[in-house]
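Chemist: Need coordinates for the below:
(one chain, ligands or ions: 1)
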Amino acid sequence: MKRTHYLKTIPLLAVLFFLSCSKDKQSNESDNQKDGPITLKSGVMVEKKGADYFWEGDIRLTKEQYKNLDLYGQLQSKKPDYVGAEKNAHPVYNVPFQNTAQGRTIPRAFSIYPTAYNLWAMVRIIYGSNLTLAEKQKVRSALLEMQSNTNVRFYNATCEPLVDPTYGFTYPNIEFWSTDGADVSESNLGRTGGVQRINLADFAFNSWDNSVIIHEICHALGLRHEHTRLDRNSFVTVNTSNLTSSGLAQFNIPSTNYYQTGTYDYTSVMGYSSYTSSTSIVHNTSLPMYTKTDGTDIYQGSFLSNSDRSWINYFYIPYMARTDVYAELAPTVYKSDNTIMTPSERLDFQAYLNNGNPTPPNCCTLANDLGKFTCP
Ligand SMILES: [Zn+2]
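Modeler: Next up, the predicted model:
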C-alpha cells in the first residue's frame with residue numbers, strides 16, 4: 001500500500017489554492033453588449049446577464065470557460081475526453097480506486113472532467129448577507145440533506161476571513177445569494193476559484209423540497225445536466241420544434257470536458273422536467289421540452305438519485321474540519337456503491353490517508369456549525 005499521500009497533501013493544496021486564485025472574475029470586451037442571448041464565434045449560444053455569461057441556462061461561466069466556448073465551442077481547450085473507462089487514481093487525493101476500502105462500483109453520472117483543479121476537499125460555504133433567516137435555514141437543510149446521504153462535507157466560513165493571511169489568496173467559497181425576485185437559479189460548474197456565487201430564485205426557497213438548491217450545489221461539485229449526456233438521444237426525444245434558440249442551446253451535447261458513465265438516469269436531480277413555464281425556452285408551455293423515447297414525461301428528481309449520490313461518493317471524501325493536517329474521516333463514510341464502510345474499513349482508509357496512522361491526534365477538531373448564520 002502506498003504511504004506517501006500524507007507528505008503530498010500540503011504542497012498539492014497550496015498549488016491548488018494559488019491556481020484557483022489566479023483566475024479572475026468575468027469581465028471582458030463584451031461588457032458593453034446588451035443583456036440577452038449571444039451567439040459566440042463557435043456557434044455556441046450563451047446568455048449575458050449583467051457582468052456574467054450563462055450557458056445551458058443556469059451555469060455561470062468563468063472568463064476562461066467563456067473564451068474556450070467562444071473559440072472552441074467547449075469549456076476547456078486541452079483536457080482529454082473521458083468516457084467510461086476507470087481512472088487509476090482519485091483526481092484530488094491521488095487515492096487509487098483499486099483501494100478495496102473505497103469500493104469499486106463505477107458511478108452512473110454525467111459531470112465535468114474531474115481533476116485536482118475543479119473538485120473540492122471540504123466545500124467552504126458562506127450564507128450571503130441578503131438571505132433572510134428562513135432562506136438561510138432552507139440552504140442549511142439542503143446542505144444537511146446532502147451530507148447525510150453522501151461524502152460531501154460543507155464548512156461554514158460565513159464569519160471567517162476570505163483571504164488567506166499568509167499567502168494572500170482568496171479561499172475557494174460558495175456564497176449563497178438570493179436573486180430577490182428573478183426566476184432563475186444559477187451556479188458555476190465545479191470549483192472555479194475564489195468566491196463563486198450560487199444565486200437562488202424565490203421558488204428554490206419556497207419549494208417543499210430542496211431539489212433546486214441541491215441541483216445548483218451539484219453543479220458546483222462538478223455534475224452536469226443529465227439531458228446533455230452524449231447518449232441521451234437513445235433515452236429521450238428532444239422536442240426541437242417547441243424549443244426557442246435559447247431552449248435549443250440548453251440541449252447541446254458537449255464534445256469535451258465531460259465524464260460519462262453508465263446509462264441515462266431519469267430520476268437524477270440534474271435532469272430537467274419535461275415542462276417549463278419559461279417562454280424564453282419553449283414556444284408553447286403546454287408542450288414538453290423533451291420526453292422519454294416512449295413519449296412519457298420526465299420529472300426532475302426531488303432528491304439526489306442513487307447515481308447522483310454514487311458520483312459524489314466516488315469523487316468526494318467526508319473530511320472532518322481540523323486545524324492540523326491529519327485527514328480525519330466523518331463517522332459515516334460511503335463507498336461509491338452507496339453502502340457504508342464498516343468501522344474497520346473506515347479505519348483502514350483513514351490510516352491510508354495518514355501515512356499508516358489510523359488514530360487522529362486528540363487536539364485539533366474544529367467546530368463547524370452550519371447553523372451559525374450571524375457573526376458576533
Ligand atoms: Zn442546472
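Chemist: Verify the contact between Ser111 and Thr261 for me.
Modeler: No. In this structure Ser111 lies outside contact range of Thr261 using Cβ atoms under 8 Å: 9.2 Å. C-beta: built from backbone N, CA, C; applies to glycine.
Chemist: Neighbour count for these two, which is higher?
Modeler: Ser111 (27 against 19; other Cβ atoms under 10 Å).
Chemist: Pairing-wise in the sheet, spell out the partners of that one.
Modeler: Leu223, Tyr259 (DSSP bridges).
Chemist: Report the contact partners of it.
Modeler: 222-224, 258-260, 311, 315 (Cβ atoms under 8 Å, 6 or more residues apart in numbering).
Chemist: could you dump those to CSV with distance to Asp70?
Modeler: Shown next, in CSV, are the contacts of Ser111 (distance: Cβ to Cβ, whole Å):
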residue, distance to Asp70
Gly222, 22
Leu223, 24
Arg224, 19
Tyr258, 19
Tyr259, 23
Gln260, 24
Trp311, 29
Phe315, 29
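Chemist: show me the contacts for the nearest residue to Lys34 once chain neighbours are set aside.
Modeler: Distances taken as Cβ to Cβ, 6 or more residues apart in numbering put Lys48 closest to Lys34, at 7.3 Å, once the chain neighbours are dropped. Lys48 is in contact with 30, 33-38, 54, counting by Cβ under 8 Å, 6+ apart.
Chemist: tell me the least confident of these?
Modeler: Among the contacts of Lys48, Ser30 carries the lowest pLDDT, at 49.
Chemist: Report the two of the contacts of Lys48 separated the most.
Modeler: Lys34 and Phe54 (14.6 Å; Cβ to Cβ).
Chemist: Give me the more crowded residue out of those two.
Modeler: Phe54 (17 against 6).
Chemist: Out of the contacts of Ser111, who's the most crowded?
Modeler: Trp311 (30 neighbours).
Chemist: Let me know the helix or strand that that residue is in.
Modeler: helix 306-315 (DSSP states H and E).
Chemist: Run a quick neighbour tally on the closest residue to Arg60 other than its chain neighbours.
Modeler: Spatial nearest neighbour of Arg60, chain neighbours left out: Asn188 (5.0 Å); criterion: Cβ to Cβ, 6+ apart. Residues within reach of Asn188, counting by other Cβ under 10 Å, total 21.
Chemist: doesn't Ala220 make contact with Asn188?
Modeler: Yes. Using Cβ under 8 Å, Asn188 makes contact with Ala220 at a distance of 5.9 Å.
Chemist: Name the residues contacting each of those two.
Modeler: Gln196.
Chemist: follow-up on the earlier one: could you pull out the buried residues of the helix or strand hosting the residue nearest to Lys34?
Modeler: Assigning secondary structure by DSSP H and E places Lys48 in strand 45-49. Of the residues in strand 45-49, 45-48 count as buried by neighbour count, 16 or more other Cβ atoms under 10 Å.
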